[in-house]
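1. I'd like to go over a predicted model; first the sequence, then the structure.
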Amino acid sequence: MPGHRANWKGHIRFGDVSFPVALYTAASTAERIAFHTLNRKTGNRVKREFVDSETSAIVDREEQVKGYELDSGDYVVLEPEDVAAAVPESDKTLAIEAFIPCSQIDAAYIDKPYYLAPDDVGRDAYVLLRDAMQKEGVVAIAHTVLFRRMRTVLIRAHGRGLIASTLNSDYEVRSAETAFEDLPDLKIEGEMMELAKHIIGAKTGRFDASAFDDRYEAAVADLVQAKIEGRALPKRAAPVASKPGDLLQALRDSAGSDVKKPKLKRAANANKKAVRKKQGEDKKAATPARRAR
């Protein structure tokens, strides 16, 4: 990738096939608006210093050391060489251990994406791996040492290349069952469901990343510009959540006049059944009267 510096260089290995690759950052926050912390009185930038929590004395960098806190409140001191010795050795190899169906990947485990680009001498093997995974509908699970830690990496075909995403470890991902355990078992049917399906159908589209703006970033940019020009921005009203009792009306308002009775299949069918039942009851009621005459 011309003009970009690789975050990591090494090899991919699957079976007895090995070829050189490099990882490049796929998503960056470098373009976000950044702030500095200032002294309100002087307008000068402030700098961060580490201070001893007991003596309040400033601790220089060479006097700082890492420590692990015990339940007793004491600390186990770890020297820089101790921490360095704990970093796993790396052979700079993304060793593919398994190919699995794309549908088995839980998005909650996906961490950061990187473009995985080939070296000139490995393009044939690179294209072979990309095309084979596309045709089989699988992704690859590999392991390697990245940024001083042993990481699990998800490799998948992406357009003309490959994307490697680091995965969160199992202990880092909260259980979905725990996250949603307070959610009651509800079954929504009838008009509410039909209206919701109609709204979804009316708003069905294609994913286009360029159409999604960072509203916070845009709002901050407007705020900075307004400050420069000496004007105030209008305050926006806070959004109001729909109350449970207003949900049906909110759905009706959202659907608007585009909702036709034929589209509400369940409601229409129910009305037809009611009409047929009424006609049947009228017919039965009329039969004894004719006999009486």
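-> In hand now; what should we look at? Numbering: from 1, shown residues only.
2. Looks to me like residue 12 is in a strand.
-> Yes. Checked against DSSP: H, G, I helix; E, B strand; the rest coil, residue 12 lies within a strand.
3. show me the contacts for it.
-> The neighbourhood of residue 12, defined by CB atoms under 8 Å, 6 or more residues apart in numbering, consists of 18, 19, 21, 93, 94, 96, 116, 125, 126, 129, 142, 155. For the C-beta atoms, the positions are set from N, CA and C on the backbone; glycine is no exception.
4. now the helices for the stretch 1-150 of the chain?
-> 80-86, 123-136 (DSSP state H, counting those that start in this stretch).
5. Of these, which is nearest residue 192?
-> helix 123-136 (40.4 Å; CB to CB).
6. Contacts for that closest one next, please.
-> So helix 123-136 is in contact with 12, 14, 17-19, 21, 99, 118, 139-140, 155-157, 160-162, going by CB under 8 Å, 6+ apart.
7. which one among the residues you listed gets closest to residue 240?
-> Using CB to CB as the measure, the one of the contacts of helix 123-136 that approaches residue 240 most closely is residue 156, at 40.9 Å.
8. how many neighbours does residue 183 have?
-> 7 (other CB atoms under 10 Å).
9. Please disregard the earlier target; I meant residue 223.
-> Applying other CB under 10 Å, we find 13 residues neighbouring residue 223.
10. and it, which of the three is it?
-> Taking three-state DSSP, the label given to residue 223 is helix.
11. Identify the residues contacting it.
-> residue 233 are the contacts of residue 223 under CB under 8 Å, 6+ apart.
12. swap the cut-off to 10 Å and go again
-> 33, 232, 233 (CB atoms under 10 Å, 6 or more residues apart in numbering).
13. Output the residues you listed as a markdown table; include the columns pLDDT.
-> A markdown table is the format used below for these (pLDDT from 0 to 100):
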| residue | pLDDT |
| --- | --- |
| 33 | 84 |
| 232 | 80 |
| 233 | 74 |
